[in-house]
Structure formats: structure tokens, C-alpha cells
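Undergrad: How does the following fold in three dimensions:
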Amino acid sequence: MKVILLEDVKSLGKKDDIVEVKEGYARNFLFTKNLGVPADSKNLNDVKLRKAHEAKIAAEKLAEAKELAAKIEASKLTCKVKSGKDGKVFGSVSSKEIAAEMKKQNGIELDKKKLVLPDALKNLGTYKVNVKLHPDVTAVLTVDVLPEE
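TA: Reported below is the predicted structural model:
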């Protein structure tokens, strides 16, 4: 009997997979626990429509991420920190501060978890910070760390 899985079933398949199982297993286990439905024409059409809808949403999210990446790469960020006479920085610039400055200076809201910093910025200078917006889209933000007057 062909069954469309509604959820991931261990050792059987993933959600929306069409699998061949014995009738008793389908009737007594999959259907009673709402893990699957019979693979008739109505249910197959529902799965097809759901997959098309999910693909459309994924394409929209990818387009939004690419648009945001273009804005981020076009902007430049300046962070001012306290420093000594020899250019030594007191403290550092973290991803939280970069996200706050980005919102304040450019009006772009970034999640601090999406900023890929190997370590906090502890010296004066210009840095390239990767921003992971989507699994396929990574933007590069230019951050200038300058001394506070």
C-alpha cells in the first residue's frame, strides 16, 4: 500500500515521502498516529501544492536575503572606541555593538548571531565582517574601528 508521510518516521522516510508499506502497518500504526495518509489522488495533489507553496516562499526569502546583502555591502559602519595614546583599545567591539551601530547609523536591523566574527575586534583599523543572511547568501560588511575623541 502506498502512503504519504505527514511527519518524519524513523527508518521509513521523511515528511511528504511516498513509501510502500504493508496494509496492516499503515492502518494500525501510521494512520492511527497521524503519521501518514493513503496516497490517493487528492492527497497527492495536496502534497504537490504544499511543495509548490514552500518553494515559492523559499524563493522569496532568498530574494529578500540578496536584497539585504546588497544594502549591507553598500554601507560602511564606523565604531568609535576608547583608546590610549599608542592606539591600544580599551575593551573591544563585539557583534552586539556592531548590530546596534548598524541599526543606529544605517537603519538596517541585523541579528547579532548572523555576524560571523572569529573574535571581538580589539584593535583600531578596518575589518571585513561576514554576515550570514541565508544558507546561500553571505554579505561582507566593512567596519571601521576608530578612536573616540
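Undergrad: Can you give me every residue that contacts residue 141?
TA: Under the criterion of C-beta atoms under 8 Å, 6 or more residues apart in numbering, the contact partners of residue 141 comprise 72-73, 75, 77, 98, 102, 115, 128-131. Where C-beta positions appear, they are placed from N, C-alpha and C, glycine not excepted.
Undergrad: can you pull the contacts of residue 8?
TA: Counting by C-beta under 8 Å, 6+ apart, residue 8 makes contact with 14-15.
Undergrad: As a markdown table, the contacts of residue 141 with secondary structure and distance to residue 17 would be great.
TA: Written out in a markdown table, the entries for these read as follows (DSSP: H, G, I helix; E, B strand; the rest coil; distance: C-beta to C-beta, whole Å):
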| residue | secondary structure | distance to residue 17 |
| --- | --- | --- |
| 72 | helix | 38 |
| 73 | helix | 39 |
| 75 | coil | 44 |
| 77 | strand | 45 |
| 98 | helix | 42 |
| 102 | helix | 42 |
| 115 | strand | 37 |
| 128 | strand | 42 |
| 129 | strand | 40 |
| 130 | strand | 35 |
| 131 | strand | 35 |
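Undergrad: Distance to residue 2 and pLDDT for the residues you listed - can I get that in a markdown table?
TA: Converted to a markdown table, the contacts of residue 141 look like this (distance: C-beta to C-beta, whole Å; pLDDT from 0 to 100):
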| residue | distance to residue 2 | pLDDT |
| --- | --- | --- |
| 72 | 47 | 90 |
| 73 | 49 | 90 |
| 75 | 53 | 88 |
| 77 | 55 | 90 |
| 98 | 52 | 90 |
| 102 | 51 | 90 |
| 115 | 47 | 91 |
| 128 | 52 | 92 |
| 129 | 50 | 91 |
| 130 | 45 | 92 |
| 131 | 45 | 91 |
